[in-house]
Structure formats: C-alpha cells, structure tokens
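**Student:** please find the sequence and the predicted model below.
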Amino acid sequence: MTASEGPTTMDAATTDLPPTNRNGIEHMRNAVLFDGAERGQRLSRFWILLILASTIAAAGIVAESTAAVIGAMIVAPMMLPIQGTMLSTVLGDRINLVRSIALMAAGATAAVGVGFIVGLLVANDVVAATNDQVAGRVHPGLIDLLAALATGVVGSFALIRRDISDTLPGVAIAISLVPPLVVSGLTLESGAFEEALGALLLFITNVASILATGVVVMALFKVQQSPALKSTPAASLVHKHRAGIAISTMLVLVAIPLTISSANTATATVRENAIRSTAEQWADDAEWDLVSVDTGLNRVFLRVTGPLPAPDTDELATLIAEQGVDPSIVEVELVPSRFVNLQSPATP
C-alpha cells in the first residue's frame, strides 16, 4: 500500500483513538511476549513470581486465608503467556505463539506441582468437604464462564488502552488462574481426582475465555499483523482463521461440562431444599431439631437431635418420597439428647 492509497497497517490500527489513549503494537508485544534481548531476564522473573505465587496460594488455601489467596493472584504472572498466545494469534506470529503456549503449559504444570508438594507437607487431606477455598473452585459452572468472559474483555482493553491499564491488578484477582491449579495439585495429592479435574476445568475455562474475548476485542480495535511480520515467510505465520476456529471450539468444549455441572448443581440444590424443608417439619413434629444438611456425591446426609424416643424414620422416608425425591439417597444420623438442670451442690 503506497502513501497515496491510505494509512499503513500500523497507522490504521491506531487511528480509532487518540495516540495518548492507545498502546501501539510494539508496546503490547513488549508487555506480553517473551522475545527480544531481555527474554532471559523476563523468563527468570516469570518463573520466580510463579513459584512464589503458587506457594502463597497453596499456603493460603490450606489455611483458608482469603487475603493470602488474593495476594497470590496479584503476584502470579500466568496472565502474560495467555495474553501472549492471544496476541500472537492476532498478529500471526507463529514463533511467539508456540513460545507462549509452551510457557503457559509449563507454568500450569509447575503450579499443580507446587500444590501437590504442599499437600504432601500437610497432615490432613485438603478437599472440598473440609476446606471452603477448595470447595469454591472444584465445581465450576456457567456463571464462572460468564465471569471469565467479562474479565477477559477487561484484560484485553487494559492491554490495548493506556488509560485503563491500571485495572490489571483487578483483572489478576478476578481471573483466578494460579489458585485453581494449586487446588488441582492439593486435591490430586489427597486422592480426590474428580475435584482435581474440576479445578483444572476452571483454569481451562479462564484460559479459553481470555483467548476468545481477546481475539474479539483485538478485532474490534482493528489490531492487525505488524509491518515487521509482513516479510516473514508464510511458514512462520499463523493462519488466523484456523486459530480463531480452534479457540472457538475450545470455548464450546469447555461450555459443555460447565453446562452439565450447572444443571447438576441446580438439581442438587432443588433436591436439598425439598429434603431440608421436609426434614425440618418432621423433626419439629417429633420435638427434635434438624442440625445440618450436607450434600455429597448423590447422597444427602441429615443430622437431627432431640430427646428419646427417636422419631420414626419410615415416616420421613414417606414424606421425602412424596416430594419426588428418592429416599434411598438420604442418610439420617439420630443423636439423642438429654437436658439436665444443674442443682446447687449439697452443703456437707
């Protein structure tokens, strides 16, 4: 394209916003790609921060410290190779695409490994049943996908626009990356393989969301292949349409188990509420108290307490069946209680 025909690709990519508000392609490349003269220094910084962030996250999850987990999110550098994968796809830079994907995979493996090692050092198993930090990350649903998509958009805007780049710490907190990986390692060491896969699914959901929304945002801002890559051999360039299809497919594949998980969670919630209300009425009629209702894998556990004689559990089974719930999935723990009024000790 000559000067008389219009702006160059670089110029076209920067005319939508004033220059003071828009980061150029080279700035974005320097922000998220691991190439150039400082590649070794940036890689060493990435690995140091990743190991430290994973350790902080693991300790925070074991101790159930929300503050420590948030701190790990801010320190963690996992956003960089993910956004590097997205930017390399948009720019058609095959070399940096391969580098970013490899670094992302290696970083994820290292974070899982740190979680596994910390799990070995802890006396008790770190699983969803005993740890709220774990429980919040092993059963992702569609709402997690929605949050990840929205956060991915913010992250892409922060990369493109100079005036909102200060939101990146908030993006790091919202787009939970290292904590799910650490949870995967902790639960894997505890033998809870299903929970480990659930946490890993949450991480993959966040990655797919960042990639998908990033490509869309870059297209809206007309970020295109830089002039420096125009002379690159075709074999070293990425076919952007194929990459877009691959990312879209990845997002769809992630959405399928999330949809199933959301449906199962909704069904379990409705079932638990029906059992809870029925059990409360049954216990009240017998002058007993419903202490707790816990839902496990296709099981519901009730704990009730009160004075002897114990209430008739066959009656409870009938009432639950009338609610359309199979009573065989319900287990009831009856805890007899006795109340004693203490008297003043007799004076000798």
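**Tutor:** Looks like it arrived, so ask away.

**Student:** next helix or strand past the helix or strand of the chain with the lowest mean pLDDT?
**Tutor:** Sorted by mean pLDDT, DSSP states H and E, the helices and strands of the chain end with helix 9-12, the least confident at a mean of 42. Moving toward the C-terminus from helix 9-12, the first helix or strand encountered (DSSP states H and E) is helix 25-32.

**Student:** which helices and strands sit right next to that following helix?
**Tutor:** For helix 25-32, the elements it packs on are helix 79-91, helix 142-160, judged by 3 or more C-beta pairs under 8 Å, 6 or more residues apart in numbering; DSSP states H and E. Where you see a C-beta, it was placed from the backbone N, CA and C, and this is true even at glycine.

**Student:** dump those to JSON lines, plus distance to A102 and mean neighbour count.
**Tutor:** Rendered in JSON lines, the data for these read as follows (distance: least, C-beta to C-beta, whole Å; neighbours: other C-beta atoms under 10 Å):
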{"stretch": "helix 79-91", "distance to A102": "8", "mean neighbour count": "25"}
{"stretch": "helix 142-160", "distance to A102": "21", "mean neighbour count": "20"}
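
**Student:** which non-adjacent residue is nearest A243?
**Tutor:** Using C-beta to C-beta, 6 or more residues apart in numbering and skipping residues adjacent in sequence, the residue nearest A243 is T89, 4.5 Å away.

**Student:** and if you look at A57?
**Tutor:** Taking C-beta to C-beta, 6+ apart as the measure, A57 lies nearest to A72, with 3.6 Å between them; neighbours along the chain are not counted.

**Student:** measure that neighbour to I51 for me?
**Tutor:** Here A72 is placed at a distance of 11 Å from I51 (C-beta to C-beta, to the nearest Å).

**Student:** more crowded one of those two?
**Tutor:** A72 (28 against 15; other C-beta atoms under 10 Å).

**Student:** burial measure for the residue nearest to M86 when sequence neighbours are not counted, as a count.
**Tutor:** Across the structure, with C-beta to C-beta, 6+ apart as the measure, the residue nearest M86 apart from its sequence neighbours is G214 (3.6 Å). Applying the criterion other C-beta under 10 Å, we find 26 residues in the vicinity of G214.

**Student:** ok, G214 touching G155?
**Tutor:** Yes. Look at G214 against G155 with C-beta atoms under 8 Å: they come within range, at 7.3 Å.

**Student:** list the residues that contact both of the two?
**Tutor:** Q83 (C-beta atoms under 8 Å, 6 or more residues apart in numbering).

**Student:** list the buried ones in whichever strand or helix holds G214?
**Tutor:** Under the criterion of DSSP H and E, G214 resides in helix 193-220. Judged by neighbour count (16 or more other C-beta atoms under 10 Å), helix 193-220 contains these buried residues: 195-196, 198-218.

**Student:** who wins for proximity to V118 among the helices and strands packed on helix 25-32?
**Tutor:** helix 79-91 (22.3 Å; C-beta to C-beta).

**Student:** closest to the centroid, which residue in the chain?
**Tutor:** To find the centre residue of the chain, average its C-alpha atoms and take the closest one (C-alpha atoms, centre = their mean): that gives L202, at 3.8 Å.

**Student:** max-length helix in the chain?
**Tutor:** When secondary structure is assigned using DSSP state H, the longest helix within the chain turns out to be helix 240-285.

**Student:** run through the neighbouring helices and strands of that one.
**Tutor:** Contact partners of helix 240-285 among helices and strands, from 3+ C-beta pairs under 8 Å, 6+ apart: helix 79-91, helix 142-160, helix 193-220, strand 289-296, strand 299-306, helix 313-322.

**Student:** one more pass at 6 Å, please.
**Tutor:** Here helix 240-285 is seen to pack against helix 142-160, helix 193-220, strand 289-296, strand 299-306, helix 313-322 when contacts are counted using 3 or more C-beta pairs under 6 Å, 6 or more residues apart in numbering; DSSP states H and E.

**Student:** for P19, report the pLDDT, please.
**Tutor:** The predicted local confidence for P19 comes out at a pLDDT of 52.

**Student:** likewise for the one 5 residues further on?
**Tutor:** Per-residue confidence (pLDDT) for G24: 78.

**Student:** ok, now A57?
**Tutor:** Note on A57: pLDDT of 94.

**Student:** so how far is V154 from it?
**Tutor:** Noted for A57: a distance of 21 Å to V154, by C-beta to C-beta.

**Student:** what's around the nearest residue to D312 once chain neighbours are set aside, how many residues?
**Tutor:** Distance criterion C-beta to C-beta, 6+ apart; nearest residue to D312, sequence neighbours excluded, is A286 at 7.9 Å. Applying other C-beta under 10 Å, we find 17 other residues in the vicinity of A286.
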